[in-house]
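next comes the sequence, and after it the predicted model I'd like to discuss.
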Amino acid sequence: MPRSRRTTGRALIAGAAALAALLTGCTAPAPENQASADVSGSVAAELRPYYTQQADWRKCEGRFECAEIEVPLDYADPGG
């Protein structure tokens with residue numbers, strides 16, 4: 001029995017959505033050591049300590065990885 005246009009259109013949309021979801025996960029990996037990135041010219045001096053932190057990743061809650069970093073409450077006034 002031939003498919004209707006509506007069924008074929010839905011199948012195409014579902015396939016395109018699945019392909020988009022797969023391709024979204026295909027990105028370049030993050031640098032191993034992000035602290036080595038040169039932020040000297042692109043970030044205000046008072047924000048540099050936040051951008052050069054190392055996240056110390058560890059296992060937590062069984063199946064996750066967690067890390068703690070500090071962030072300013074107000075990027076316009078990081079020392080406030």
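Right, received. Where do you want to start?

the helices in the chain, which residues?
5-24, 48-51 (DSSP state H).

in the last one, which residues are buried?
So that's helix 48-51. For helix 48-51, the neighbour count (16 or more other C-beta atoms under 10 Å) marks no residue as buried. In short, each C-beta sits where N, CA and C put it, glycine included.

against Glu65, how distant is Ala44?
Distance, Ala44 to Glu65, using C-beta to C-beta, to the nearest Å: 30 Å.

likewise Ser42?
Distance from Ser42 to Glu65, by C-beta to C-beta: 28 Å.

in terms of mean pLDDT, which of the helices of the chain ranks lowest?
Comparing mean pLDDT across the helices of the chain, the weakest is helix 5-24, with a mean of 68.

which stretches of the protein have low pLDDT?
Low-confidence segments of the chain (pLDDT under 70): 1-7, 15-41.

apply 80 and report the result again.
1-42, 80 (pLDDT under 80).

what are the boundaries of the strands in it?
Taking DSSP state E as the test, the strands found in the chain are 58-60, 64-66.

can you list the strands that the first one pairs with?
Its sheet considered, strand 58-60 pairs with strand 64-66 (antiparallel) by DSSP bridges.
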